[in-house]
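>>> need the 3D shape of this:
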Amino acid sequence: MDEDWISITEAAERLTKAGDVVTRSTLSRYLSKHGEALPTKRSGRETQVDYVRLRMHRSENIRIEPAVPTPAPIVKEPAFAGNLPGTKVNGAARKALADAELKELDLAQRRKQVTPTSEVDRAGRDAIALMNSSFERAVETEAASLSVKYGWDERTIRLALKKFVRTGLDVFHREILKSLDDFRRTADAPPIDGEQDGDQVTETLQ
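Below is the predicted model:
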């Protein structure tokens, strides 16, 4: 199957132009909810999705009703608009999409359905520390249990288990912190290429 990996923002714009009206934040929640069928990948500071697979998945999803035509903003084109193909039309479409996202974000904030990125970052780091502590306690219990069960030297077992845990946690720790740092840098960066401030907030899945 052909692939067409694009940013979530561009995917939302394409879907909207194709009649499947959706904002970026709503599409982001949709991708999170259907993560197994619609994997995403990072490309620099963007999260990308396969648009071909996304269109097919949304067209086959019975909970998505065909878009009902709604009055679109009237954009008066000057007589020479043909010399600027799609420039003003695309600009108006992006502005309308941005306004819709801002309204959706404002509503989500009032309903307390969003989580600040700083809280996500802090929770992630706390989870790493808690898991590290839990493994340390588990090593002591498991070392004693294995020593009794198999007759092995408890001290040797404890050293082996600690080395195994330390190696695994080091890898996990590096990957998680890298993801959190990338997420924070993206959230703190000023919006670019039509991205809105609403994209810099982690949304609670519906």
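
>>> check the separation of the first and last residues in stretch 42-50.
12 Å (CA to CA, to the nearest Å).

>>> now stretch 21-41
In stretch 21-41, first residue to last residue: 23 Å (CA to CA).

>>> do the same with stretch 20-40
Taking CA to CA as the measure, stretch 20-40 stretches 20 Å from start to finish.

>>> start the count at 314, not 1, going forward
Shifting the count to begin at 314 puts that one at stretch 333-353.

>>> so for that stretch, what's the average pLDDT?
Averaging pLDDT along stretch 333-353 yields 89.

>>> centre of the chain versus it, how much separation?
9 Å (CA atoms, centre = their mean, to the nearest Å).

>>> which stretches of the protein have low pLDDT?
Applying pLDDT under 70 to the chain flags the ranges 314-315, 375-402, 426-431, 433-434, 496-497, 499-519.

>>> that one: helices as residue ranges?
Secondary structure of the chain, counting by DSSP state H: helices at 321-330, 337-346, 364-373, 400-423, 430-463, 467-501.

>>> now for the last one, which elements pack on it?
It stands for helix 467-501. Other elements packing on helix 467-501 under the criterion 3 or more CB pairs under 8 Å, 6 or more residues apart in numbering; DSSP states H and E are helix 430-463. Where you see a C-beta, it was placed from the backbone N, CA and C, and this is true even at glycine.

>>> for the third one, same thing?
Using 3+ CB pairs under 8 Å, 6+ apart as the contact criterion, the secondary-structure elements in contact with helix 364-373 are helix 321-330.

>>> mind listing residues that contact the helix it packs on?
When contacts are defined by CB atoms under 8 Å, 6 or more residues apart in numbering, helix 321-330 is touched by residues 319, 334-337, 339-341, 344, 353, 359-362, 364, 367-368, 371, 406-407, 410, 506-508, 512.

>>> could you flag which of these are buried?
In terms of neighbour count (16 or more other CB atoms under 10 Å), the buried residues within the contacts of helix 321-330 are 319, 334-337, 339-341, 344, 353, 359-362, 364, 367-368, 371, 406, 410, 507-508, 512.
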